[in-house]
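# 3D, please:
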Amino acid sequence: MATIRKRPNGSFEIKVSCGYDIYGRQHNQYKSYYPEPGMTPRQIDKEVNKQAVLFEEECKKGQITSAVKFETFAEQWFDEYAKVNLRPTTFSKMRQVTKRIYAAIGHKRMDKITSRDIQMFITDLIVNGRHMVTGKPLSRKTAIHHLSFISDIFSYAIRMGMLTDNPCSRVVIPKLEQKEKEIYTLDEVKKLFEDLGYEPMWFQVYITLAIYSGFRRSEMLGLEWKDIDFDYNTIRVRRTSHYTPAKGIYTDTTKTKKSQRVAKFPEDVMDMLKKYRKEQRKEARRLGTKWEDHDRLFTKWNGSPMYPEMPYKYLKSYCEKIDIPFRGIHSLRHLHASLLIYEGIDVVAVSADMGHSIVGTTLNLYSHMFQEARARNCDAITNALRFTREGNNTKPKSAKEAKPDIDEDEDELEEENMGQTMA
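Alright, predicted model coming up:
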């Protein structure tokens with residue numbers, strides 16, 4: 001039964017007894033009610049009794065357990081839910097975001113955390129937050145990850161019958177100016193390949209495959225020789241390779257079912273792979289029993305799976321050596337997508353090639369590229385209908401006479417496209 005006590009400041013304290021624990025201690029839940037200005041005593045009495053009934057019902061559904069602090073319950077979520085339902089990499093990322101979240105709201109009771117508490121934290125994260133290593137401002141995406149974690153905790157509490165509302169549902173993430181993806185230009189790619197022959201064979205193969213395939217880094221490192229069909233010049237993506245401090249290097253399934261795909265490659269790329277396989281087998285024979293046969297394309301010195309950070313670090317060092325900007329490993333995947341888009345490949349085909357689960361993902365990531373590609377459609381129509389703007393007294397060219405002009409225009413357009421920056 002709920003009891004109501006009027007405070008000196010005009011507010012009301014609603015108390016609900018929720019029984020006793022094993023030590024005989026009584027557990028109570030409390031809620032404050034503040035009447036709206038201008039309400040009559042009768043209206044206040046009616047509303048406070050209504051709130052008392054509703055609060056008692058919430059307590060009967062298990063609201064008592066919401067008195068737990070956010071950090072305590074979040075750690076229970078990690079043990080009860082995250083460990084068995086999340087991928088190790090996702091689990092590790094969730095662990096990382098707790099550093100800031102626990103410092104901000106970890107000490108607060110679940111039932112006392114408001115939407116405004118979370119809104120203030122998220123806004124401060126975007127305005128004042130800094131990367132713990134580099135000191136650079138945090139991205140909007142980082143703020144989204146933090147809010148998503150907090151929301152997951154509250155959603156789990158609701159499913160467990162501890163709460164009836166998720167305060168994150170009313171939080172707004174401030175919009176920031178979206179930066180265009182940094183992508184290597186064709187001139188920079190040309191420079192990448194010019195001196196690539198002097199680098200280790202694994203690095204030559206990695207860079208070449210990354211640009212030709214658009215595979216994710218985890219997909220590249222998960223490739224095994226059995227995935228390559230030298231008869232049909234194809235490579236199949238079947239698995240991924242990851243690393244977490246707790247688990248080390250481990251093999252996992254692909255990000256989505258559509259990430260399992262087959263890509264076809266030109267003959268010269270397959271010849272490079274054959275040369276690389278021959279070199280790897282030679283090294284395995286030289287090491288003898290020291291060589292660990294994991295069938296991976298990209299390995300450490302002894303044949304065990306390569307650390308995921310190795311391609312990133314080596315590419316960064318290589319870019320410094322040949323004096324071009326380092327735009328990250330993932331930029332090679334963006335480059336692959338941009339080349340497809342600028343060649344006029346439709347969004348559905350690009351999405352399938354990139355292994356996205358839905359076409360909307362492709363459109364969101366590369367919307368500006370598709371817009372630029374569609375803008376060229378206007379030039380194509382204008383060129384095709386050029387004869388309509390010629391003088392009335394000018395005799396239209398025959399198809400045979402007109403064809404050389406069209407071919408010439410296409411050649412000029414192609415040269416212009418090849419010189420554009422993939423932005």
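
# What strand or helix carries Ile150?
Using DSSP states H and E, Ile150 maps to helix 140-159.

# number of nearby residues for the residue nearest to Ala104 when sequence neighbours are not counted?
Nearest residue to Ala104, sequence neighbours excluded (CB to CB, 6 or more residues apart in numbering): Phe121, at 4.6 Å. C-betas here are computed from N, CA, C, even on glycine. Phe121 has 21 neighbouring residues, counting by other CB atoms under 10 Å.

# now swap in Lys31 and tell me
For Lys31, using other CB under 10 Å, the count is 19.

# in the helix or strand where it lies, what counts as buried?
Using DSSP H and E, Lys31 maps to strand 26-33. The neighbour-count check on strand 26-33 (16 or more other CB atoms under 10 Å) flags Gln29, Lys31, Tyr33 as buried.

# helices or strands next to that strand in the packing?
Contacts defined by 3 or more CB pairs under 8 Å, 6 or more residues apart in numbering; DSSP states H and E place strand 26-33 against strand 12-20, helix 41-60.

# Now that we have the ones you listed, can you turn them into a markdown table and tack on distance to Ile105?
Shown next, in a markdown table, are the helices and strands packed on strand 26-33 (distance: least, CB to CB, whole Å):
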| stretch | distance to Ile105 |
| --- | --- |
| strand 12-20 | 24 |
| helix 41-60 | 21 |
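
# So which residue is smack in the middle of this protein?
Central residue of the chain (CA atoms, centre = their mean): Lys141, 8.4 Å from the mean position.

# Please, where are all the strands along this protein?
2-6, 12-20, 26-33, 228-229, 234-236, 240-244, 248-252, 262-264 (DSSP state E).

# Ile341 is nearest to which of those?
Ile341 lies closest, by CB to CB, to one member of the strands of the chain: strand 262-264, at 16.7 Å.

# returning to what we had before: so of the strands of the chain, which one's packed in deepest?
Mean neighbours per residue, mean count of other CB atoms under 10 Å, is largest over the strands of the chain for strand 240-244, with a mean of 20.

# what about the residue lying closest to Glu56 once chain neighbours are set aside, distance to Lys112?
Spatial nearest neighbour of Glu56, chain neighbours left out: Ala2 (4.5 Å); criterion: CB to CB, 6+ apart. Distance of Ala2 to Lys112, given as CB to CB, to the nearest Å: 19 Å.

# same question, Glu199
Here the criterion is CB to CB. By it, Glu199 lies 58 Å from Lys112.

# So for these two, which residue has more residues nearby?
Glu199 (15 against 12).

# Next, the contact list for the more buried one, please.
Glu199 makes contacts with Tyr318, as judged by CB atoms under 8 Å, 6 or more residues apart in numbering.

# how about a cut-off of 10 Å?
By CB atoms under 10 Å, 6 or more residues apart in numbering, the contact list for Glu199 reads Tyr206, Ile207, Tyr314, Ser317, Tyr318, Lys321.

# List of residues touching stretch 28-41?
Residues contacting stretch 28-41 (CB under 10 Å, 6+ apart): 2-7, 9-19, 43-52, 54-56, 58-59, 63-67, 111.

# same question for it, mean pLDDT?
For stretch 28-41, mean pLDDT rounds to 87.

# Quick one: end-to-end length of that stretch, please.
The first and final residues of stretch 28-41 sit 27 Å from each other (CA to CA, to the nearest Å).

# what residue ranges in the protein are flagged as low confidence?
Counting by pLDDT under 70, the chain shows low-confidence ranges at 19-27, 61-67, 176-181, 360-423.

# out of the contacts of Glu199, which are buried?
Tyr206, Ile207, Tyr314, Tyr318.

# if we take the residues you listed, which one ends up nearest to Thr234?
Thr234 lies nearest to Tyr206 out of those, by CB to CB, at 18.3 Å.
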